[in-house]
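Novice: any chance you could fold what I've pasted below:
(2 chains)
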Amino acid sequence: MIEVKELTKVYGARTAVDHLSFKINNGKIYGFLGPNGAGKSTTMNMITGCLAPTSGTVKINGFDIYDEPIKAKQCVGYLPEIPPLYNEMTPFEYLRFVAEAKGVSYERALRQVHEVMELTQIDDMKDRLIKNLSKGCRQRVGIAQALLGNPDIIILDEPTVGLDPKQIIEIRALIRKLGELKTVIISSHILAEISEVCDHVLILSNGKLIANAPIEELQGKSDAAAHIKLSVRGDEAGVIEVLSAIPEIETCTVGTSHEEGVVSLTVTAAGREELRDRIFFAMADRRYAVISMEREEATLESIFLLLTEGDEADAKTKQRKQDAPERDGEYELIDEEKEK
Amino acid sequence: MSAIYRKEMKIYLSGPFGYAMMAILLFFMGVFTVFFNLMSGYADFSYPLTAMHWVLLITIPLLTMRSIAEERHSRTDQLLYSLPIRLREVVLGKFFAMLTLFLLPTLVSALYPLLLASFGGVSLAAAYTALFGYILLGAALIAVCTFVSSLVENQILAAVLSIAAALAFYLLDSFSALFPTSALGSFIVCVIAALLAGVLIWRTTKNLNLGLAAAVVLILPTSVIYIINAELFASLVPNFVNALALFSRFGEFSYGHFSIPATVFYLTFIAFFLFLTVRSMERRRLA
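Specialist: Below you'll find the predicted structure:
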């Protein structure tokens, strides 16, 4: 478990991380989300003891990272943004070194090195020099390094940056696999990645925590504001008249159409009721042909933009609300999804 | 510490670099021994060791340049910071690895006095005392240059600065005669040093007031002491410079005299610079 309290890092006049407080519980995959420069790496560096905070405390399994650094660091495996690899060594030699430095006894170190090499699939390249490995392989060696010493918590800073799509899929699968065994924290500025692998999201913007919630809770929020996008062949006034006859429709914005005689609209409806059927039949009654109609699920992207573009007061109340203890059901729900 | 030591040794010996360093040390040691002891016929083993000083001025900075600068450059220092080990273990592991690379060719050279003794009268005690001093000198240079390497991120810059630092220590002995021995002269040097310290603090903390305060705090008591008793300042600077002399301490060993003060000086010097290296790495974490 990680407990971060009032963590702050100031560089000269710039505040990179601003009074960050949160708790990371065991057994989940957490995602740090935020645009570049939001303070994700700085926060991770402070949690792992690579960087001293200006103020605030970090406790890992109850050990303060600055008062009892050795005990605290034994609980954490860290992969920084740039994998810290020695080019002159082979993955096997490198992992042996890290295991030894983490204080693992000789025989257990050998066994652990083989275990993590198997888990990260670097067995067949273990005797090549690290400098000759591809970026994806280097990343996997970096992850393998973080797993040594059997820490409870694995922190991976942007683990998929710069990888090709196939490697990204492999690394994500690996992260999911790790999430079954340990607490995993990953950071990313890519929303799709976070929503795909994480159970819980912490959104950072300008060094501040603006959201801290299970992923489906955030997505659930977005469903409430579902939009329907449709194109209808007909005259604008008539189409709007048909739509205004449906009481659930709140707003109706006319967009630019790319086809002659076709009206493009975005409709926002209150509540979560399915309106597409009613819109379709109402249009059909007036012999307006519906060319296309799709329900636009507000994605994490839109929530992210919504939260990061000002409106911080709202975000803060949201955060406070979501700091409440989590429900147990959510975790199982995610697991079921995984199995599918 | 042993993990870091083994890692360093592996990296040094994974390419030609470590071997080249040892070969250069062995080569010059051999050349100087042949020149002084065989061709010129001196029975004193300290002559080739003294000649080696110039070789050390270049090889030790080359040996140490990557030690910490390269960790920073390739961002592997983050691994060292996040591992459950103390920074002093990291620095000591690195120091002993470099010391080993320096000691291996030196131990081969340790056979030379034995060889020479079979051809004539060589004082083995004097030869090995000199060799002991030589090893201490090498270790002290490694400590200084490791510290320099911890200050920068670029290996080449580290090498250049280390050579400059080593050269400064080498020339310090000769320079001590150039410093003024008068009390006023020493006082002026002290004031300049205090101002430089103030500037240094200003530049590192980016706090002008703090730098000014430090300079004033250093200058005021110095001035008061100077006004009360100017005699205290006589030959202060030359004495201070002499106290730092790294290379001339070797001279004490070269006469075949096992000097305990010089040994203590070298060991303190090594400990001090390794401590500074740890502090310098610690400071990186704060930045």
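
Novice: could I get the pLDDT score of the residue in the stretch 101-250 of chain A positioned nearest to chain B?
Specialist: Taking CB to the nearest CB, chain B has its nearest neighbour within the stretch 101-250 of chain A at residue A:101, 4.0 Å off. All C-beta spots, glycine's among them, are computed from the backbone N, C-alpha and C. Each residue has a pLDDT score; the one for residue A:101 is 93.

Novice: how about residue B:224?
Specialist: 88.

Novice: distance check, it against residue B:236.
Specialist: According to CB to CB, to the nearest Å, residue B:224 and residue B:236 sit 15 Å apart.

Novice: one step back: so what's the residue of the stretch 101-250 of chain A closest to chain B closest to, chain neighbours aside?
Specialist: Leaving aside its chain neighbours, residue A:101 sits nearest to residue B:3 (4.0 Å; criterion: CB to CB, 6 or more residues apart in numbering or on different chains).

Novice: in the helix or strand hosting residue B:116, what counts as buried?
Specialist: Using DSSP states H and E, residue B:116 sits in helix B:112-117. Of all the residues in helix B:112-117, those buried under the rule 16 or more other CB atoms under 10 Å in any protein chain shown are B:112-113, B:116.

Novice: what residues are up against the residue of the stretch 101-250 of chain A closest to chain B?
Specialist: Listed by CB atoms under 8 Å, 6 or more residues apart in numbering or on different chains, the contact set of residue A:101 reads B:3-4, B:7, B:83-85.

Novice: same question, residue A:286
Specialist: Residues near residue A:286 by CB under 8 Å, 6+ apart: A:234, A:238, A:242.

Novice: and which of those is nearest to residue A:47?
Specialist: residue A:242 (55.8 Å; CB to CB).

Novice: returning to what we had before: could you check which of residue B:224 and residue B:236 has the larger neighbour count?
Specialist: Neighbours per residue, other CB atoms under 10 Å in any protein chain shown: of residue B:224 and residue B:236, the larger number sits with residue B:236, 18 against 10.

Novice: residues contacting the more buried one?
Specialist: With CB under 8 Å, 6+ apart, residue B:236 has these contacts: B:183, B:186, B:190.

Novice: kindly report the same for residue A:265.
Specialist: By CB under 8 Å, 6+ apart, the neighbours of residue A:265 are A:229-232, A:239-240, A:243, A:252-255.

Novice: wait, is it part of a strand?
Specialist: Yes. If the criterion is DSSP: H, G, I helix; E, B strand; the rest coil, then residue A:265 is within a strand.

Novice: just the pLDDT at it, thanks.
Specialist: 86.

Novice: what's the burial count for residue 81?
Specialist: Picked chain A for this. Close neighbours of residue A:81, defined as other CB under 10 Å, add up to 18.

Novice: my bad, the chain I had in mind was chain B
Specialist: With other CB under 10 Å as criterion, residue B:81 counts 26.

Novice: the helix or strand in which it is found packs against which elements?
Specialist: Counting by DSSP H and E, the element that carries residue B:81 is helix B:77-82. In terms of contacts (3 or more CB pairs under 8 Å, 6 or more residues apart in numbering or on different chains; DSSP states H and E), helix B:77-82 is packed against strand A:76-79, helix B:66-73, helix B:87-109, helix B:260-286.

Novice: show residues contacting that helix.
Specialist: Taking CB under 8 Å, 6+ apart as the rule, helix B:77-82 contacts A:45, A:48-51, A:73, A:76, A:78, A:80, A:82, A:84, A:98, A:145, B:4, B:68, B:71, B:87, B:90, B:281, B:284-285.

Novice: now do it: distance to the chain's middle.
Specialist: 26 Å (CA atoms, centre = their mean, to the nearest Å).

Novice: cool, stretch B:98-108 as well?
Specialist: 16 Å.

Novice: domain parsing for chain A?
Specialist: A:2-75+A:151-221+A:302-339, A:226-296 (automatic domain parsing).

Novice: buried ones in stretch A:61-72?
Specialist: Buried, per 16+ other CB under 10 Å, within stretch A:61-72: A:61, A:63, A:65, A:69, A:72.

Novice: mind picking the two most distant members of those residues?
Specialist: Using CB to CB, the buried residues of stretch A:61-72 span at most 13.0 Å, a distance reached by A:61 and A:69.

Novice: residue B:145 contacts residue B:65, correct?
Specialist: Yes. Counting by CB atoms under 8 Å, residue B:65 is a contact partner of residue B:145 at 7.5 Å.
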